[in-house]
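S.K.: Need a 3D model of the following:
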Amino acid sequence: MNRRKGFTLIELLIVIAIIAVLLTILAPALQKAREYAKRAYCLSNVKHLTQAWMMYADDHDDRVVRSRAVQGDPGAAWTGWNYFNYPKDQQLEAIRGGQLYKYCKNDKAYRCPVSPAHEGLRTYCITNQWWPGSNIGPQDQLLAKRSFPKFPEERSVFIDNVGTDFDAIYNVYYSIPEWRNIPNWRHSNGTTISFADGHAEYWRWVNVDLTVEVAIKSYEYAMANNTTSRMRAQGDQRGNVDLHRVQRATWGKLGYTP
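M.R.: Residues are numbered from 1 along each chain as shown. Now for the predicted structure:
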């Protein structure tokens, strides 16, 4: 008796169709798994940078490293001045010449894994309440020592930013309900952030209109005009809980009534 070998054409087409259906079902789950992996990598990066930041303070009588980069002098701050379109060698020099590099010598730890290649080799910034801060917050509330915050687990240090902040400091206002620098949204409409006690968290933005959509439009403007990452055309941000959360993590409180 002759025995049939292999599949018929119809059976083969059925198998292919089943595999296609399974791939369609599994694709979102696989994409989500990849995003979780990249988010975990990003969380690890900001945590390692914060540990380096803490070790620097341990070696310098509790004083924190300078947060804002100095143009032309990478060794003056935690990292060097860096435009996203600088040549790669110059960007590496800015990272490796910074004061935290001796504590964190992994070049890849300075860049979020979901950031586009054109944003350069550093996307993380220190929030602007740490010395010397910036001129958009209360100067009497700047923190020069790691031990100054009463609740270090609530005060931010590093934040995953978009790659357009050349001075390595993430600015957010204290006294007005507006964003200053663009918050990252690429981790499923959220970002990663670390704190002065050494832990790191993932923050998913709640207000898509006033945080994510405004951030995307501001980023597109910055890219098109080769300018800094200042937020634009924000609308009324007074009730934006995302903004409140970042401002409180930075300054410890809001400088206005929401």
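S.K.: ok, S134 - contacts?
M.R.: Taking C-beta atoms under 8 Å, 6 or more residues apart in numbering as the contact definition, S134 lies against R68, N128, I169, N171. The way it works is simple: take the backbone N, C-alpha and C, and place the C-beta from them, glycine included.
S.K.: Pull the number of nearby residues for the second one.
M.R.: Around N128 there are 27 other residues, counting by other C-beta atoms under 10 Å.
S.K.: quick one, phi psi at it?
M.R.: Backbone torsions for N128, taken as degrees, to the nearest 10, come to phi -90, psi 20.
S.K.: now do the last one
M.R.: Dihedral pair for N171: phi -100, psi 130, per degrees, to the nearest 10.
S.K.: Quick one: the strands in the stretch 101-250 of the chain, in order.
M.R.: 124-127, 156-160, 169-170, 190-195, 200-204 (DSSP state E, counting those that start in this stretch).
S.K.: V246 reaches N171, doesn't it?
M.R.: No - with contacts defined as C-beta atoms under 8 Å, V246 does not count as touching N171, sitting 10.7 Å away.
S.K.: okay, the two: which has more neighbours?
M.R.: Neighbour comparison, V246 and N171: the larger count goes to V246, with 26 against 22 (by other C-beta under 10 Å).
S.K.: picking up where we left off before, Serialize the strands of the stretch 101-250 of the chain to JSON lines and add fields for mean neighbour count and distance to T79.
M.R.: Converted to JSON lines, those look like this (neighbours: other C-beta atoms under 10 Å; distance: least, C-beta to C-beta, whole Å):
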{"stretch": "strand 124-127", "mean neighbour count": "28", "distance to T79": "9"}
{"stretch": "strand 156-160", "mean neighbour count": "27", "distance to T79": "11"}
{"stretch": "strand 169-170", "mean neighbour count": "25", "distance to T79": "10"}
{"stretch": "strand 190-195", "mean neighbour count": "24", "distance to T79": "15"}
{"stretch": "strand 200-204", "mean neighbour count": "17", "distance to T79": "18"}
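S.K.: Can I get those in CSV including mean pLDDT and distance to C112?
M.R.: Formatted as CSV, the strands of the stretch 101-250 of the chain follow (pLDDT from 0 to 100; distance: least, C-beta to C-beta, whole Å):
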stretch, mean pLDDT, distance to C112
strand 124-127, 97, 7
strand 156-160, 97, 5
strand 169-170, 96, 13
strand 190-195, 98, 8
strand 200-204, 98, 12
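S.K.: So which of these is nearest Y41?
M.R.: For those, distance to Y41 was read as C-beta to C-beta. The smallest value, 9.6 Å, belongs to strand 190-195.
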